[in-house]
Each structure stands twice: as structure tokens, then as C-alpha cells.
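Enquirer: whatever this is, show me its structure:
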Amino acid sequence: MVRSQIAMSWQRSASSGLEPAHSLEHSSLRDVDRRSRLLAAANPILDRMESMLEGSGYCVLLADRDARLVDLRFGTRELRDIVFGVGAVVGRSFTEEASGTNSISTTFELRSPLAVRGDEHYMESMKGFSCYGYPLIHPITKHIEGVLDITFLATEDNPLLEPLLVHSANDIQGRLLEETRSGEQRLFHAFQYASAQRRGGPVIAIGDELLLENTTAAQLIDSVDHAALRSLTDDSIRRSGVIDSLTLNSGVHASLRWERPVAATGVVIEIDIKDHPVRQSARVPTSKPLCVVGEPGTGKSTTLARLTAARSPHWFDAADIIVTTPTAWLSSIESQVVAGADVVVKNIHLADGPVAHRLHALLKTARGWFALSSSSRDTSDPEHRQLLSLCTDTVELAPLRSRRHEIPDLVRGMMAELDSHARFTPAAMRALIDYDWPGNVGELRDEVADAASRRSVGDITEHDLVRPHGRGMSSRMTALDSAMRDAIVHELARCSGNKAATAESLGISRTTLYKRMKELGIHG
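Expert: Prediction:
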């Protein structure tokens, strides 16, 4: 009888679009950070396991928090060649969507130890193996840091392998704890140094389970700011960075400099207070055509309105073609272009090829200034590429999930526009920050308006929220998820929404594409 864990894993693998005959060679491959915290903790244990298994028909595999292989150790060269032959190499993704049921992917999915033997594997190429997997859970954060696995030919099973695996995994988890403590000490020393250098200027340090702030910072920032700053640094792999303008929860305007000390588990943030709000430059090109690009809901129209306020242009929207005819829509634009008026044309990605071609011909001869907006500057349609090539000035708007630290200030502005006297509690604001907002600023505005309409005064708590509360506040996308979402959105825009072409470009099946779009909140 098939175990329920294995049966459910097979169902997940099949529903993702993966076929048993699929090859691991088709799954993604990327570089591995050899200086990662996981490898620093695991290397001595892997060395020990390798020496113990030398000459035997066993190998040790280590996957990271994204279920990607980061190290492999082999008892014999023959086994190494067999394992490499099925595509199991450093950098390979071993999620269930990429590799089906096995003791890395399914252990990662279940967060619990698991043995997978022979025919229990989903992929045909793996049925000759058996394996034990053990999740590596960080002792402090309780987050999964990876999976430790012992793999062997199905005929070579040994009951002593499982206790060896458990003992080794526990040792890695212990070293992760030591690395964290050591990293927190380095973070503390970096915080002390920055505080001394700034002579009392606001400084905070944020780690996995650590928050340090000097007296000046403690008087300036609150728990909402802590959540925003943590999201800012969590979403970046850069060692250092600068934010020119940020409005704190108190309404104070500030700029930030942050640095991730070498080998420390966190970042040190220096805060500079500004006397006046620093607004984005409202430069209006005098002669250069402008294009504003970004995902739906990122504020393209708002940005265009701000940048063109001094011109008072005539506005047109390609979405209006569905309620009129292409000829009538183009004629209304032509009358303004011929008269030398400034025009703005929104959502040009919604115009088909012939309309885009005709619009290009109109704007190419325009005597006045014009601006366009589109979901993407990189498109597969030659007519749209030709039209966008007329714009020599481009403003690209990042999705809200990439600038979570702006959410508190955005919410305050929206509440002011609504003339609402209610207040989002720190917990509610943290929920807004942690949600991924697939609809971007537009969806956030809808959430804020809905919450304000239900509670006109007093506190708006996390229980008053619909989108973050209903769709799982704790399921915030990982960096890999965000990168995957951005890649899918980019390819969908480039392929003009053609799902088959998008799936082919990404190297996945249409079933997998549809599943990923649903999981990542991408609307067709």
C-alpha cells in the first residue's frame, strides 16, 4: 500500500505539470553562494560524513532553504557518475515542481524527516535510488534552512544510515545556532561602532532575532518602522544601500544608509533626519517623449499626471478601444497631434499590432510633446517595440512588493485623502507590509478604503483586513518566489499575454504556468 505522504506528493507533482518522464536537466540551475551561513555550518559535518562513507555506495546531498542543491559528497566515483547522470548537480532546483517526489523535495515540503525508496520516486530517472531526508530547522528562527539527504542505489539500503543522518543533521543545526550567536556578536560590535562614529545620531541594528537601537533611534522610530525597515533589508541581497527619502510612522522625513557587516546576521541602519519632505523630481521633459512602464496598479497614471501637470495634455486610453472603434479612437488622437497639442496615451499594450503601427506613424510626425504608458518596455510585438522606441525618456515603476518600506507612508496618504479619523494599529500595518500585493498600489488603496469604510474612527486591527488576513499573512513570498513572479510577469507582458508562448519561453508546461500564476497572485 502506498503511504499517504508519498501519494499526496505524487498528486502535488502531477498537478504542477511535471511528468514522470521529465528530466532534471530541464529544471533551473543557478550559482551557489559558497560563503552562506548554511554551508559554513554544514561543511565540517559534511567532511566527517564523507570520510565515514568513503568507499561505500552512498552519497550525501545538501539543499538550501530554496530546495536547491548546494553540496554533494560521494563514497565512490561510480556513484558520483550515476547521480550526475540524472542531473543532480550543485545549483539544481529540487522542489517537487522540478523533481517530483524524493527525500529532498518532499522533506522540504513537509518540514519533517522522510525516506523515499525505489518506485516511490515520482520521476522515472530516480526509481533506481532510495534516500533519507532530514529538514534543517534553525534553532532560533524555526525557519527551514535546508535539507540533509543520504542517497544510495535501491539495493544498498542500510538501517544504520538513518541514525547517522539524524545525528549529522542535529550537529548542523547546533552549528547554525553557534553561527547565529557569533553573527549576532559581530552585528552588536558593528552597531556599537556606528553609534560611536555618529556621536549619538540614530542607529539601529536588525537581525533574525535581534533588534538594537540607540537612545536617539528609540525616540524616533516605532514598531511599524521596525517592520518596514526589516522588509527593506530582507528583500535585498546587497551588502549596503541608500534610501534617499523615507517617511517614518511619526511623519518625520529621513534618509537611510544601511550596511550588512561581513559574517554578521543582520544589518546596521544609520538614519538622517530631514527638515522637509524630499519629493521625487517632477521634471517635465521639454522635448523628449516620455514612457512610464510598470505592472498593473503600480501608479502609472498617477505618475504621468504628476510629471505632466505643467503641460495640461490631452489624455487617451487604449482601453477605450473596446467601447468605440480603432478608427474613431485614432482619429481623436490625430486631431490633437495635427493641432500640435501635447498628448498622453495610456495602456498602449492593450492596442493590437495595426493600431500600434498607426499610432507610431501619428506620433512620429507630432509637433507637440507626447507620453505613453505600458505594462512593459520589453515586448515581443514589433509594432509595440517600434512605438516605444519613440520615447527617449523612460520611468520604470517597481512593484509594491519591492518597496514595502513605502507602505506606511502610502497608507497615511490614503487615509488623509479619505479624511478618515481611524488609525491602523502597528500589527495591522505589519500585516500590510508583509502582504505581497499582486495588484500593487491599486489593490492597497482598495484595502485601505474598505477598512476605513468599515471603521470610521478608532483602531483598524489586523482582524479588520480582508486581503492579508484572508490569504495568509505568514505566507510572504521568498526571494525566489518574488524573482519567479517577476520573471512570469515580464514574460507575459513580452508575449502580450500569450500563455503558450510564455510557458515555452520560460521552459515550463502551460499547466505549471497556470499553477504558478495562481500561487503567486498573477492575474491573466
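Enquirer: please, where are all the helices along the stretch 401-524 of the chain?
Expert: Secondary structure of the stretch 401-524 of the chain by DSSP state H, counting those that start in this stretch: the helices cover 407-417, 426-434, 440-454, 467-470, 479-494, 499-506, 510-519.
Enquirer: now these in a markdown table, with distance to A190 and mean pLDDT?
Expert: Glycine gets a C-beta too; all of them are placed from N, C-alpha and C. Formatted as a markdown table, these follow (distance: least, Cβ to Cβ, whole Å; pLDDT from 0 to 100):
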| stretch | distance to A190 | mean pLDDT |
| --- | --- | --- |
| helix 407-417 | 26 | 88 |
| helix 426-434 | 25 | 86 |
| helix 440-454 | 34 | 90 |
| helix 467-470 | 33 | 68 |
| helix 479-494 | 23 | 66 |
| helix 499-506 | 40 | 79 |
| helix 510-519 | 37 | 75 |
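Enquirer: low-confidence ranges in the stretch 201-350 of the chain?
Expert: Along the stretch 201-350 of the chain, segments meeting pLDDT under 70 span 208-209, 232-239, 262-265, 275-287.
Enquirer: let's see 90
Expert: The stretch 201-350 of the chain contains residues with pLDDT under 90 at 201, 205-268, 273-290, 292-313, 318-326, 337, 339-340, 347-350.
Enquirer: again, but for the stretch 51-200 of the chain
Expert: 53, 65-66, 97, 138-143, 154-163, 176-200.
Enquirer: do a quick rundown of the helices in it.
Expert: 77-85, 96-99, 105-110, 161-197.
Enquirer: adding mean neighbour count and distance to T215, write the ones you listed out as JSON lines.
Expert: Below are the helices of the stretch 51-200 of the chain laid out as JSON lines (neighbours: other Cβ atoms under 10 Å; distance: least, Cβ to Cβ, whole Å):
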{"stretch": "helix 77-85", "mean neighbour count": "14", "distance to T215": "56"}
{"stretch": "helix 96-99", "mean neighbour count": "24", "distance to T215": "49"}
{"stretch": "helix 105-110", "mean neighbour count": "25", "distance to T215": "43"}
{"stretch": "helix 161-197", "mean neighbour count": "17", "distance to T215": "9"}
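Enquirer: what's the closest of these to L350?
Expert: helix 96-99 (31.6 Å; Cβ to Cβ).
Enquirer: which other residues reach that closest one?
Expert: 9, 12-13, 16-18, 24, 27-28, 92-93, 105-106, 108-109, 122-123, 126, 512, 515 (Cβ atoms under 8 Å, 6 or more residues apart in numbering).
Enquirer: deepest of the helices of the stretch 401-524 of the chain, which one?
Expert: helix 426-434 (a mean of 22; mean count of other Cβ atoms under 10 Å).
Enquirer: by contact count, what packs against it?
Expert: Packed against helix 426-434 by the contact rule (3 or more Cβ pairs under 8 Å, 6 or more residues apart in numbering; DSSP states H and E) you find helix 223-234, helix 407-417, helix 467-470.
Enquirer: how about a cut-off of 6 Å?
Expert: Secondary-structure packing of helix 426-434 (3 or more Cβ pairs under 6 Å, 6 or more residues apart in numbering; DSSP states H and E): helix 223-234, helix 407-417.
Enquirer: for I271, which of the helices of the stretch 401-524 of the chain is the nearest?
Expert: The nearest among those, by Cβ to Cβ, is helix 407-417 at 14.9 Å.
Enquirer: helices or strands next to the closest one in the packing?
Expert: Counting by 3+ Cβ pairs under 6 Å, 6+ apart, helix 407-417 packs on helix 426-434, helix 440-454.
Enquirer: in ChimeraX, how would I select the buried members of the contacts of helix 96-99?
Expert: A single ChimeraX command is used to select the members of these judged buried by 16 or more other Cβ atoms under 10 Å:
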select :9,12,13,16,17,18,24,27,92,93,105,106,108,109,122,123,126,512,515
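Enquirer: so which of the contacts of helix 96-99 sit within strands?
Expert: Among the contacts of helix 96-99, no member falls in strands (DSSP state E).
Enquirer: ranges for the strands of the stretch 251-400 of the chain?
Expert: 253-259, 266-274, 290-293, 314-317, 343-346, 370-374, 393-396 (DSSP state E, counting those that start in this stretch).
Enquirer: pick the most buried one from the ones you listed.
Expert: Mean neighbour count (mean count of other Cβ under 10 Å) peaks for strand 370-374 among the strands of the stretch 251-400 of the chain, with a mean of 26.
Enquirer: gap between the closest residue to M517 other than its chain neighbours and R516?
Expert: In space, and not counting its chain neighbours, M517 is closest to I488: 6.5 Å by Cβ to Cβ, 6 or more residues apart in numbering. Applying Cβ to Cβ, to the nearest Å, the value for I488 to R516 is 6 Å.
Enquirer: need the contact list for E109.
Expert: Contact analysis of E109 by Cβ atoms under 6 Å, 6 or more residues apart in numbering lists E96.
Enquirer: next one: Y134
Expert: Counted by Cβ under 6 Å, 6+ apart, Y134 has contacts P113, L148, L165, A169.
Enquirer: mind putting the helices and strands packed on helix 426-434 into JSON lines with distance to R423?
Expert: Formatted as JSON lines, these follow (distance: least, Cβ to Cβ, whole Å):
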{"stretch": "helix 223-234", "distance to R423": "11"}
{"stretch": "helix 407-417", "distance to R423": "8"}
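Enquirer: which stretch among those helices comes nearest E179?
Expert: With Cβ to Cβ as the criterion, E179 lies closest to helix 223-234 of these, at 18.4 Å.
Enquirer: next SSE after that closest one?
Expert: strand 240-247 (DSSP states H and E).
Enquirer: out of the helices and strands packed on helix 407-417, which gets nearest to A217?
Expert: Nearest of the helices and strands packed on helix 407-417 (Cβ to Cβ): helix 426-434, 16.6 Å.
Enquirer: that closest one vs helix 440-454, what angle?
Expert: In terms of direction (axes from the mean of the first three to the mean of the last three Cα atoms, to 10 degrees), helix 426-434 departs from helix 440-454 by 150 degrees.
Enquirer: can you dump the C-alpha atoms of helix 426-434 in PDB for me?
Expert: This file holds the C-alpha atoms of helix 426-434, laid out as PDB (Å, rounded to 0.1, in the frame of the first residue of the first chain):
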ATOM      1  CA  PRO A 426       1.100  48.500  14.400                       C
ATOM      2  CA  ALA A 427       0.000  44.900  14.000                       C
ATOM      3  CA  ALA A 428      -2.300  45.800  11.100                       C
ATOM      4  CA  MET A 429       0.500  47.900   9.500                       C
ATOM      5  CA  ARG A 430       2.900  45.000   9.800                       C
ATOM      6  CA  ALA A 431       0.300  42.800   8.100                       C
ATOM      7  CA  LEU A 432       0.000  45.300   5.200                       C
ATOM      8  CA  ILE A 433       3.800  45.300   4.900                       C
ATOM      9  CA  ASP A 434       4.100  41.500   4.900                       C
END
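Enquirer: can you tell me what sits against it?
Expert: With Cβ under 6 Å, 6+ apart as the criterion, helix 426-434 contacts 223-224, 227-228, 231, 404, 407-408, 460-462, 465, 468, 473, 476.
Enquirer: give me that answer again for 7 Å
Expert: 222-224, 227-228, 231, 404, 407-408, 411, 460-462, 464-465, 468-469, 473, 476 (Cβ atoms under 7 Å, 6 or more residues apart in numbering).
Enquirer: equivalent analysis for stretch 405-418, please.
Expert: 224, 228-229, 231-232, 246-247, 249, 424, 429, 432-433, 441, 444-445, 448-449, 452.
Enquirer: could you do stretch 456-471 as well?
Expert: Counting by Cβ under 7 Å, 6+ apart, 420-425, 427-428, 431-432, 434-435, 443, 447, 450-451, 454-455 sit against stretch 456-471.
Enquirer: chain center to it, what's the gap?
Expert: Relative to its chain's centre, stretch 456-471 lies at 24 Å (Cα atoms, centre = their mean, to the nearest Å).
Enquirer: buried sites along it?
Expert: Buried, per 16+ other Cβ under 10 Å, within stretch 456-471: I460, T461, E462, D464, L465, R467, P468.
Enquirer: many thanks, have a good one.
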